[in-house]
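Asks: Turn this into a model:
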Amino acid sequence: MSQVTIDKNEVDIVIAAFNSDLTSFLESWRPVFSRFHLIIVQDPELKDELKIPKGFDFDAYIKSDIEKVIPPSNTSMFSGYVCRYFGYLVSKKKYIISIDDDCTPAKDSNGDLVDIVTQHIINLKTPATPFFFNTLYDPYRKGSDFVRGYPFSLRTGVPCVLSCGLWLNLADLDAPTQSLKPELRNDRYVDAVLTVPKGSLMPMSGVNIAFDREAVGPAIVPALKLAKEGKVRWETMEDVWCGLVVKVVCDHLKLGVKTGVPYVWRNERGSAIDSLKKEWQGVKLMEELVPFFQTLKLSEDAVTVEACVVEMAAAIKKGSHPELANAAGNMVEWVKIWKEVGSRVTV
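Replies: A predicted model of the protein is given here:
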């Protein structure tokens, strides 16, 4: 593992709390999380008081806290899985590590506890190489380098702003796959990191990611909400939507995205059938959205993350899916909220 300096004052760990009692969850993570500041955001739909063990440096946010910061017309944006995005908004740190409360630490192939904070920060603090693929994956890891034929002009790389970790046990599978293969589990620990190439999209999950908030925060957009949905969302598809947006922004601005280690252990929760009800329309629409994002080109005038998101929203609104008008509107609203609230909020 590469050696980088990790300043605890640069890192916030954002925890999406879907259970009120976080005692067992946080105790499992104590060896990793105890030296960092935590931002715990409770799903606004939960009514019970949060239970948090002693010995952690944290700020906890519940529904009433969200309502103090966000205009009433936008508070529903942070319900369900999207509550984690409120943590991204109120953080004042450079780096965000995001994890849900149904994950526990994984062990690597040597049986050692995986330190997700250290590995994510290493991913973010070492360059990415999106313009030419290195067949030994991350050339900046110990024991690796650039392969023969790799252009020397590209070996300095570009800043990495997003690190997408992986899951052991319950893998990041969609509901149809879970339904057809209910016993399928991921038990392969692959000790590798690679840069996602420019022009390649990927399905992102917010369960185990890290990102440079200062560099790309406004592109981590919440709320894929359709015009006719009312209060219902494709909850399991929202991070996928976010991943499409942020990857297009990164490609345009010559920023890097990595995937691979670190792993977490994802525990069992929920029903594949329930997930299927939430995401089926989204699964179908993805077949058309991916080609749209693959061919989307942003203008030379879009030189900031905020400008990229707003320009992308305009393109989505003009597209062939009128039901995505609300999603486009929420992208613009998110940029506005980020500017007005994100850099100065106190609760």
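Asks: What are the buried residues along whichever strand or helix holds residue 316?
Replies: For residue 316, the host element (DSSP states H and E) is helix 305-318. Of all the residues in helix 305-318, those buried under the rule 16 or more other C-beta atoms under 10 Å are 305-313, 316-317. Every C-beta, even on glycine, is put in place using the N, C-alpha and C of the backbone.
Asks: For these, give me JSON lines that also has distance to residue 141.
Replies: JSON lines is the format used below for the buried residues of helix 305-318 (distance: C-beta to C-beta, whole Å):
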{"residue": "305", "distance to residue 141": "28"}
{"residue": "306", "distance to residue 141": "33"}
{"residue": "307", "distance to residue 141": "34"}
{"residue": "308", "distance to residue 141": "30"}
{"residue": "309", "distance to residue 141": "32"}
{"residue": "310", "distance to residue 141": "36"}
{"residue": "311", "distance to residue 141": "35"}
{"residue": "312", "distance to residue 141": "33"}
{"residue": "313", "distance to residue 141": "37"}
{"residue": "316", "distance to residue 141": "37"}
{"residue": "317", "distance to residue 141": "42"}
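Asks: Put together JSON lines for the residues you listed, with pLDDT on each row.
Replies: JSON lines is the format used below for those (pLDDT from 0 to 100):
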{"residue": "305", "pLDDT": "98"}
{"residue": "306", "pLDDT": "97"}
{"residue": "307", "pLDDT": "98"}
{"residue": "308", "pLDDT": "98"}
{"residue": "309", "pLDDT": "97"}
{"residue": "310", "pLDDT": "97"}
{"residue": "311", "pLDDT": "97"}
{"residue": "312", "pLDDT": "96"}
{"residue": "313", "pLDDT": "95"}
{"residue": "316", "pLDDT": "91"}
{"residue": "317", "pLDDT": "89"}
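Asks: Can you pull the poorly scored residue ranges out of the protein?
Replies: Counting by pLDDT under 70, the chain contains low-confidence ranges at 1-2, 223-236, 269-270, 277-281, 323, 342-347.
Asks: Longest helix of it, counting residues only.
Replies: Counting by DSSP state H, the longest helix found in the chain is helix 272-295.
Asks: Remind me what that one packs against, helices and strands.
Replies: With contacts defined as 3 or more C-beta pairs under 8 Å, 6 or more residues apart in numbering; DSSP states H and E, helix 272-295 has these neighbours: helix 175-180, helix 238-253.
Asks: Can you pick out the most distant pair from the buried residues of helix 305-318?
Replies: 305 and 317 (18.9 Å; C-beta to C-beta).
Asks: So the nearest residue to residue 155 once chain neighbours are set aside, which state does it fall into?
Replies: Closest residue to residue 155 apart from its sequence neighbours, by C-beta to C-beta, 6 or more residues apart in numbering: residue 146 at 5.6 Å. For residue 146, the secondary-structure state derived from DSSP: H, G, I helix; E, B strand; the rest coil is coil.
Asks: residue contacts, residue 146?
Replies: When contacts are counted by C-beta atoms under 8 Å, 6 or more residues apart in numbering, residue 146 touches 134, 136, 139, 155.
Asks: what about the one helix or strand residue 96 maps to, distance to the chain center?
Replies: For residue 96, the host element (DSSP H and E) is strand 95-100. Averaging C-alpha positions (C-alpha atoms, centre = their mean, to the nearest Å) puts strand 95-100 8 Å from its chain's average.
Asks: If I take it and helix 238-253, what angle do their directions form?
Replies: Going by axes from the mean of the first three to the mean of the last three C-alpha atoms, to 10 degrees, strand 95-100 is angled at 160 degrees with respect to helix 238-253.
Asks: before we move on, back to that, ok, so what distance separates the residue nearest to residue 155 from residue 258?
Replies: From residue 146 over to residue 258 the distance is 16 Å, taken as C-beta to C-beta, to the nearest Å.
Asks: quick one: the strands in the stretch 101-250 of the chain?
Replies: Per DSSP state E, counting those that start in this stretch, the stretch 101-250 of the chain carries strands over the ranges 103-105, 160-169, 193-195, 208-212.
Asks: what about the ones you listed, which gets the closest to residue 288?
Replies: strand 160-169 (23.5 Å).
Asks: other SSEs contacting the closest one?
Replies: helix 116-125, strand 208-212, helix 213-216, helix 238-253, strand 256-266.
Asks: and it with helix 305-318, angle?
Replies: For strand 160-169 against helix 305-318, the angle by the same axes, to 10 degrees is 70 degrees.
Asks: starting at the chain centroid, how far to strand 160-169?
Replies: For strand 160-169, the distance from its own C-alpha centre to the chain's C-alpha centre is 8 Å (C-alpha atoms, centre = their mean).
Asks: Next, the contact list for residue 293, please.
Replies: Contact analysis of residue 293 by C-beta under 8 Å, 6+ apart lists 201, 244, 247-248.
Asks: any idea how far residue 284 is from the closest residue to it other than its chain neighbours?
Replies: Spatially, and ignoring its direct neighbours in sequence, residue 293 is nearest to residue 244 (4.7 Å; C-beta to C-beta, 6+ apart). Computed as C-beta to C-beta, the residue 244 to residue 284 distance reads 16 Å.
Asks: Which of these two has more residues huddled nearby?
Replies: residue 244 (24 against 10; other C-beta atoms under 10 Å).
Asks: Pretty sure residue 331 sits against residue 245.
Replies: Yes - counting by C-beta atoms under 8 Å, residue 245 is a contact partner of residue 331 at 7.1 Å.
Asks: more crowded one of these two?
Replies: Comparing residue 331 with residue 245 by neighbour count (other C-beta under 10 Å), the higher total belongs to residue 331, at 27 against 24.
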